[in-house]
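coordinates only, sequence not included:
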């Protein structure tokens, strides 16, 4: 029978303990949310006994917004970067770099550039669906430009 190295076993045991702890913490939070929901349902039944609180559709929660940009600021900066390219094809990374320069962010910060690049890419995809920008290519070689009128 094949035996793994002790350091591999040790690392796996440590990782399992970490994931197990996270699951327990999330289960406690989930249980507390269920208790809160039960209390809210009870109060709703007091005020509206003829309606079932279970008929209320759940709202989708969204990730917390980034604090780097004000509302719609990133959209404006991305469109400004595309317009400044003057119909030339630009990559997502180039657009993210221009946005970072405009905001006076450290363009050498790889983690920040990656995070902003992901936001820019999501925004460009939504612009493409609206017909605002044109996508040329796929994958890492994708280039963008403002749709010509």
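The structure has been received and is ready for your questions. Every value quoted in this text rests on a predicted model; they were computed, and no experiment measured them. Numbering: from 1, shown residues only.

which ones are touching residue 145?
82, 85, 87-90, 133-134, 136 (Cβ atoms under 8 Å, 6 or more residues apart in numbering). No exception for glycine: its C-beta is placed from N, CA and C like everyone else's.

Just grab the bridge partners of it for me.
residue 134 (DSSP bridges).

Got the domain ranges for the chain?
The record's domain split for the chain, according to automatic domain parsing, is 6-55, 73-146.

Please work out which of those is packed deepest.
domain 73-146 (a mean of 15; mean count of other Cβ atoms under 10 Å).

gap between the two ends of that one?
18 Å (Cα to Cα, to the nearest Å).

Go through the contacts of residue 145 and flag which are in strands.
Secondary structure from DSSP state E places 133-134, 136 of the contacts of residue 145 in strands.

Same list, these, but as CSV with pLDDT and distance to residue 57 please.
Putting the ones in strands among the contacts of residue 145 into CSV (pLDDT from 0 to 100; distance: Cβ to Cβ, whole Å) gives the following:
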residue, pLDDT, distance to residue 57
133, 92, 34
134, 91, 37
136, 90, 40
